[in-house]
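S.K.: Structure for this input, please:
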Amino acid sequence: MQSGLLASILVAFAAIGRLILALLAMVGRVTRFAVTTVLRALTPPYYPAQFIAQLLAIGWYSLPVVGLTAIFTGSALAQQIYTGGSRFDAESTVPAVVVFGIVRELGPVLVGLMVAGRVSSAMAAELGTMCVTEQLDAMATLRTDRFRYLIAPRLFAATLALPLMVLVANAIGIMGGYLLAIYKLDFNAGSYLDTTRKYLEAQDIIMSVVKAATFGFIIALMGCYNGLRTGGGAAGVGRATTDAVVSAFILILFTDLLITLAAFGG
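M.R.: Prediction:
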C-alpha cells in the first residue's frame, strides 16, 4: 500500500518536473530567437520598405478597432464608477478614476490584447504559410536572411506602433468617459476637464508608453516565433495561429502585472 502511494507521488512529481523543464526550454528558445533577431537587425542589410509596410499594417489599420474599444471602455468605466461611487457619496471621483484606469491600465492592456488578436495571429498565419510552402527555403537559397527581412521589421514596427496607438487610445478613452459624464451624468464640463488635468501626471503617461512598447514587442515576437515553427500543412498553420494569440495574451497580462508591481508596488 505504501509503495503504491509512493509510486503515485513520484509519478506526480515527475510530471510536474517535465512540465517545468518544457516551460524553461520554451523560454530559452524564445529568448534566443529574440536576441538573434535584435542582433542581426543591428547590422546591414536593412529593409526600410518592409518596416514601413509593417508599421502601416500593425498601426494604421488597427486604429479603427482600437478607437472603438477605447471609447466604449471609457464610457462604460465612467458609468460603473459613478454607479459604485454613488453608494458612498463619491460621484466626484469619476474624472480622476477614469483617467487613472485608462492611462495606467486599461488603455495599454486592451490595446495590447486587441492588436494581439489581430496582428499576432496574422503574422503567425503568414509566416506559417511561407514555412509550409517552402518559401523560406527559397529565401535561404537566394541568401536572404529571414531574421533581417521578415522578423526584424515586424518586431521594431510593433514596438514603435503600440505606444503611438496607446496614446491615441488613452485620449479616446478619456473622451468617452467625458462625453458620458457630461451628457448623461450631468457633470460640469469645465470641472471635469480640470480634475482630469489635475490628476494626470507625466509618470502615468510614461508608464503607459513603456507598457505599450513591451506589449508590442511581445505581440510581434510571439507571432513570428510560432509562425516560423509551423509544420504539418494547413492544420499546423492553424495551431501556430492559435498558439501565437494565446501566448501573446498570457505574456501581456503577466508582463503588465510585473511592470505595475515594479512601478507602484513600493
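
S.K.: mind listing what the nearest residue to residue 98 once chain neighbours are set aside touches?
M.R.: With C-beta to C-beta, 6 or more residues apart in numbering as the criterion, residue 98 has its nearest non-adjacent residue at 3.9 Å, and that residue is residue 177. In this view, the C-beta of every residue, glycine as well, is placed from N, C-alpha and C. By C-beta atoms under 8 Å, 6 or more residues apart in numbering, residue 177 lies in contact with 74, 75, 77, 78, 94, 95, 98, 99, 102.

S.K.: Okay, the fourth one and residue 99: tell me how far apart.
M.R.: I take that to be residue 78. 10 Å (C-beta to C-beta, to the nearest Å).

S.K.: the more surrounded of those two?
M.R.: For the pair residue 78 and residue 99, the greater number of neighbours falls to residue 78 (29 against 24), based on other C-beta atoms under 10 Å.

S.K.: Could you tell me which residues make contact with the more buried one?
M.R.: Contacts of residue 78 by C-beta under 8 Å, 6+ apart are 94, 98, 176, 177, 178, 180, 181, 185.

S.K.: show me what contacts the nearest residue to residue 119 once chain neighbours are set aside?
M.R.: Counting by C-beta to C-beta, 6+ apart, residue 58 is the residue found nearest to residue 119 once chain neighbours are left out, at 5.3 Å. Taking C-beta under 8 Å, 6+ apart, we find residue 58 in contact with 115, 119, 154, 157, 158, 161, 162, 216, 220.

S.K.: out of those residues, which one sits closest to residue 13?
M.R.: Nearest to residue 13 among the contacts of residue 58: residue 220, at 37.0 Å, using C-beta to C-beta.

S.K.: and the closest one, how many residues sit next to it?
M.R.: Counted with other C-beta under 10 Å, residue 220 comes out at 32.

S.K.: so what's residue 130 closest to, chain neighbours aside?
M.R.: residue 136 (5.5 Å).

S.K.: for residue 109, same thing?
M.R.: residue 256 (5.5 Å).

S.K.: mean confidence for the helix or strand harbouring that neighbour?
M.R.: With secondary structure defined by DSSP states H and E, residue 256 is part of helix 233-264. Helix 233-264 comes out with an average pLDDT of 88.

S.K.: And it, what does it pack against?
M.R.: Contacts defined by 3 or more C-beta pairs under 8 Å, 6 or more residues apart in numbering; DSSP states H and E place helix 233-264 against helix 107-115, helix 121-132, helix 202-228.

S.K.: Could you identify the longest helix within this structure?
M.R.: In the chain, taking DSSP state H as the definition, the longest helix is helix 2-41.

S.K.: And it, what does it pack against?
M.R.: By 3+ C-beta pairs under 8 Å, 6+ apart, helix 2-41 packs against helix 152-183, helix 202-228.

S.K.: how near is the residue nearest to residue 119 to residue 164?
M.R.: For residue 58 relative to residue 164 (C-beta to C-beta), the value is 10 Å.

S.K.: do the same with residue 27
M.R.: From residue 27 to residue 164 the distance is 29 Å (C-beta to C-beta).

S.K.: neighbour-wise, which of the two wins?
M.R.: Neighbours around residue 27 and residue 164, counted as other C-beta under 10 Å, are more numerous at residue 164. The numbers are 17 against 10.

S.K.: Check the gap between the residue nearest to the more buried one when sequence neighbours are not counted and residue 121 for me.
M.R.: Nearest non-adjacent residue to residue 164, counting by C-beta to C-beta, 6+ apart: residue 59, 6.3 Å away. Remark: distance between residue 59 and residue 121 (C-beta to C-beta) = 17 Å.
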